[in-house]
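Participant: need a 3D model of the following:
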Amino acid sequence: MLIYHLSINAQMYKTWLFNNKKKKERKDMIKYGRKWTPRMVIYQQNWEEVLKRIEDESGEKPGAPGMFKHYQVAVKRVMAELDENKLEKAKETAEEWSNNFPPPKVQAQVAQKKGLAYMEHFLKEMWRQ
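Facilitator: Residues are numbered from 1 along each chain as shown. This is a model prediction of the structure:
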């Protein structure tokens with residue numbers, strides 16, 4: 001009889017604790033902002049040169065699946081060719097873009113690339129409320 005009461009009480013406490021636990025707030029799955037790095041700024045400003053260099057050195061066309069193997073090397077070489085002043089300017093630009101906003105041209109590129117995912121996420125969140 002005593003064991004029966006203990007199991008009922010244990011279940012009751014377990015249920016109460018489960019129902020009254022601290023609820024976690026949901027975090028967005030998408031970050032709407034971006035922390036810019038000097039490497040990203042240099043790529044944004046010299047993307048035509050990077051793609052041309054990839055095509056010249058490896059023979060891969062821009063957008064082809066094999067192109068991405070050569071991307072890091074090409075950006076690294078472009079960065080190595082820049083002088084200290086341009087690297088410092090890229091750091092300052094990255095900090096400025098992270099704290100404020102990038103130029104409209106870059107904003108348009110990001111919106112074209114990620115805008116659909118942002119809209120889908122926003123619609124799902126509004127539907128849940």
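Participant: what's the neighbour count on Asn46?
Facilitator: By the other CB atoms under 10 Å criterion, the neighbourhood of Asn46 contains 19 residues. Using the backbone N, CA and C atoms, a C-beta is placed for each residue, glycine as well.
Participant: show me where this protein has helices.
Facilitator: Secondary structure of the chain (DSSP state H): helices located at 2-19, 38-45, 47-58, 68-81, 84-99, 104-128.
Participant: nearest to Lys27, out of the ones you listed?
Facilitator: Nearest to Lys27 among the helices of the chain is helix 104-128 (11.5 Å), distances taken as CB to CB.
Participant: mind listing what's buried in that closest one?
Facilitator: Residues Val106 are the ones in helix 104-128 that count as buried (16 or more other CB atoms under 10 Å).
Participant: how far off helix 47-58 does that helix point, in degrees?
Facilitator: 100 degrees (axes from the mean of the first three to the mean of the last three CA atoms, to 10 degrees).
Participant: run through the protein and note the low-pLDDT ranges.
Facilitator: Along the chain, segments meeting pLDDT under 70 span 1-6, 28-29, 32, 129.
Participant: pick the most buried one from the helices of the chain.
Facilitator: Highest mean neighbour count of these: helix 38-45, a mean of 19 (counted as mean count of other CB atoms under 10 Å).
Participant: what does that helix rub up against?
Facilitator: Residues outside helix 38-45 that contact it (CB atoms under 8 Å, 6 or more residues apart in numbering) are 50, 75, 78-79, 82, 87, 90-91, 93-94, 97, 102, 106, 109.
Participant: alpha carbons only: can I get it in PDB?
Facilitator: The C-alpha trace of helix 38-45 is given here as PDB (Å, rounded to 0.1, in the frame of the first residue of the first chain):
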ATOM      1  CA  PRO A  38      37.800  41.900 -44.400                       C
ATOM      2  CA  ARG A  39      37.900  38.800 -46.600                       C
ATOM      3  CA  MET A  40      34.200  39.200 -47.400                       C
ATOM      4  CA  VAL A  41      34.600  42.900 -48.200                       C
ATOM      5  CA  ILE A  42      37.500  42.100 -50.500                       C
ATOM      6  CA  TYR A  43      35.500  39.500 -52.300                       C
ATOM      7  CA  GLN A  44      32.500  41.800 -52.700                       C
ATOM      8  CA  GLN A  45      34.700  44.500 -54.100                       C
END
